[in-house]
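K.L.:
Got a predicted model here, sequence first, then my questions.
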Amino acid sequence: MTNVLEQAATCPIHEINPMHPDILSCPAVMNKRLRDEAPVFQDPNSGIFFVSRYADVVAMARDPATFSSVMPGNSSRAVNSEDPKVIAIMEQGYPNVPTMLTQDPPLQRRYRKFVDGAFAPASLKALEPFIESTSHRLVDQFAAQGRCEFLNDFGVPLPLTVIASQIGTPLEDLPRLRAWTEAFIGNLSQQLDKEGVIKAAHSILEFQHYFVEKMDERRRNPQDDILSKVVNASIDGEKPLDNAECLSMLSQILVAGNETTAGSLTEGIWLLIQNPDQYELIKNDPSPEMISRLVEEVLRVSSPSSNMFRRATRDVELHGVTIPENSICFARFASANQDEAQFEDALTFNIMRDNLKDHVAFGKGIHHCLGAALARREMNGGFKVIFERLENFRLQENTPEPVFAPNALLHGLERLDITFDVK
Ligand code: HEM
């Protein structure tokens, strides 16, 4: 344990710095202290109010009138920086229009209508064979070596390939999609230095130009893909979405969908390595029911979308703390999923718990994840193939203990180097 983590376990609660990189990488100890001692905690540095208990997070997510998803500040650029170099780059692109994740009803509902159908469970059934064949192809690439770096060899490419096929981008462009996703995430992470922000701005501009060209193509020549649906749909007789709106939707689908699913798939394997008794359960019975149990418990414990922003639209009193109007809050989904008041023995990974589906890894209420059914399909299909082909997962010898990337919004391993036996 680092000094910062040791200190966070014992120091007076107001001295905790929740945005310290060591704590962002490993927030469980602080989360428990906040739930127990300060369920509404204002970070003295950022001013953000952390709401950490399950019941409060659920209530927040269900009350968009009080806790808005529209953030103040400059939404005219995709990268929010005052650096003139960054402003000059972003001026060559499209403004950042608040759509689904960053919008409130009724507009949020309007944007969701364009894509809800494409991500509904019924539309996704047909994807099952593609998810499984992609998983087999990925395993083929590393199985013979008896080892892999699971995040980059399986966790990332599976959801990326699936979403690229759904959006309608060619497979050879996957590395670019990955780079753009990382740029958006870096931009959100609050951990980039000046050069990093400039690099992210260039990358986001490239993303915009690439997709505007593709969108023009789909307007001329529609295909059976999400891009064509987003650019050509006219709902309730309204005019179709413009380029800036479409780009905002696409960036959300990419960012919200890729790293999260990759993070859960990868942490799933790490959790099985750390919990051999749970692995035995799956190894002895890799039925769809058991894999589905595993998926839900992995989602709860990994909670890759760990914190989401909300803005208080009025003064709110909660647990004796006043959250003043216009304050920024964090709805802390990962902390909610570790709340002992909701989940018995919450820090234990237990695929047999009876309230598996109570987790809020996909949020709650009107912003409930657009891609929840897709992510579940990818995880169920991905794990099914992994357990069919490989067994007895171990960490590679002489590699450091896996660590989580420091990020204020997303939680996931930086890499996972494993060995296994081929069945
Ligand atoms: C394990 C995988 C995933 C996790 C843990 C996850 C988590 C979440 C969470 C917690 C929210 C709610 C945010 C809030 O309340 O502010 C959300 C919303 C969203 N997710 Fe996911 N997500 C995952 C996969 C996906 C996928 C595959 C897509 C691709 C379509 C996606 C697209 C979205 C979008 C567009 C929203 C915003 C919906 C709205 O505000 O109406 N997510 N996700």
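P.N.:
Noted; the coordinates are in hand.
K.L.:
Leaving out the residues flanking it, which one is nearest to residue 234?
P.N.:
residue 240 (5.1 Å; Cβ to Cβ, 6 or more residues apart in numbering). To be clear about C-beta, it is placed using only N, CA and C from the backbone, and glycine gets the same treatment.
K.L.:
got a list of what residue 66 touches?
P.N.:
Applying Cβ atoms under 8 Å, 6 or more residues apart in numbering to residue 66 gives the contacts 60, 312, 313, 314, 316.
K.L.:
pretty sure the second one is touching residue 324, no?
P.N.:
Yes: with contact defined as Cβ atoms under 8 Å, residue 312 and residue 324 form a contacting pair (7.0 Å).
K.L.:
Give the residue from those two that has the larger number of neighbours.
P.N.:
Using other Cβ atoms under 10 Å, the more surrounded residue of residue 312 and residue 324 is residue 312, with 20 against 11.
K.L.:
how about that one, what does it touch?
P.N.:
Counted by Cβ under 8 Å, 6+ apart, residue 312 has contacts 49, 66, 67, 68, 323, 324, 325, 326, 327, 329.
K.L.:
Quick check on these: which are buried?
P.N.:
Neighbour-count burial (16 or more other Cβ atoms under 10 Å) applied to the contacts of residue 312 gives 49, 67, 68, 323, 327, 329.
K.L.:
so what's the first one closest to, chain neighbours aside?
P.N.:
This means residue 49. Nearest residue to residue 49, sequence neighbours excluded (Cβ to Cβ, 6+ apart): residue 329, at 4.3 Å.
K.L.:
my read is that neighbour is in a strand, agree?
P.N.:
Yes: secondary structure of residue 329 (DSSP: H, G, I helix; E, B strand; the rest coil): part of a strand.
K.L.:
Can you name the residue of the stretch 201-350 of the chain nearest to the ligand?
P.N.:
Relative to the ligand, the nearest point of the stretch 201-350 of the chain is residue 257 (3.0 Å; Cβ to the nearest ligand atom).
K.L.:
which non-adjacent residue is nearest that residue?
P.N.:
That would be residue 371: by Cβ to Cβ, 6+ apart, it lies 4.8 Å from residue 257.
K.L.:
Could I get the contacting residues of the spatially most central residue of the chain?
P.N.:
Nearest to the geometric centre of the chain sits residue 260, at 3.3 Å (Cα atoms, centre = their mean). Residues near residue 260 by Cβ under 8 Å, 6+ apart: 304, 305, 375, 410, 412.
K.L.:
Restricted to buried residues, select these in ChimeraX.
P.N.:
Buried residues within the contacts of residue 260, by 16+ other Cβ under 10 Å, are selected in ChimeraX with:
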select :304,305,375,410,412
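K.L.:
surely residue 8 meets residue 30?
P.N.:
Yes: with contact defined as Cβ under 8 Å, residue 8 reaches residue 30; the gap is 5.0 Å.
K.L.:
who touches both of these two?
P.N.:
16, 23.
K.L.:
and residue 252, what helix or strand is that in?
P.N.:
For residue 252, the host element (DSSP states H and E) is helix 243-274.
K.L.:
sorry, that was for residue 344
P.N.:
Using DSSP H and E, residue 344 falls within no helix or strand.
K.L.:
Give me the nearest residue to it, chain neighbours excluded.
P.N.:
residue 353 (7.2 Å).
K.L.:
Now do the contacts for the one you found.
P.N.:
297, 343, 344.
K.L.:
show me what contacts the first one?
P.N.:
Listed by Cβ under 8 Å, 6+ apart, the contact partners of residue 297 are 349, 350, 351, 353, 356.
K.L.:
Repeat the analysis, applying 10 Å as the threshold.
P.N.:
268, 271, 275, 278, 343, 348-353, 356-357, 359 (Cβ atoms under 10 Å, 6 or more residues apart in numbering).
K.L.:
So it belongs to a helix, correct?
P.N.:
Yes: counting by three-state DSSP, one finds residue 297 located in a helix.
K.L.:
Next one: it relative to residue 227, how far apart?
P.N.:
34 Å (Cβ to Cβ, to the nearest Å).
K.L.:
Would you mind naming what in the chain lies close to the ligand?
P.N.:
By the rule Cβ under 6 Å from any ligand atom, the part of the chain lying against the ligand is 61, 69, 100-101, 108, 112, 119, 252-253, 256-257, 260-261, 264, 304-305, 308, 333, 361-363, 367, 369-371, 374-375.
K.L.:
repeat that with 5 Å
P.N.:
Within the chain, the residues that sit near the ligand (Cβ under 5 Å from any ligand atom) are 100-101, 252-253, 256-257, 260-261, 264, 304-305, 308, 361-363, 367, 369-371, 374-375.
K.L.:
for residue 309, helix, strand, or coil?
P.N.:
strand.
K.L.:
typo on my end, residue 394
P.N.:
Applying three-state DSSP: residue 394 is strand.
K.L.:
give me every residue that touches the residue nearest to residue 412 when sequence neighbours are not counted.
P.N.:
Using Cβ to Cβ, 6+ apart and skipping residues adjacent in sequence, the residue nearest residue 412 is residue 263, 3.1 Å away. For residue 263, the contact set (Cβ under 10 Å, 6+ apart) comprises 151, 155-156, 159, 298, 302-306, 404-405, 410-413.
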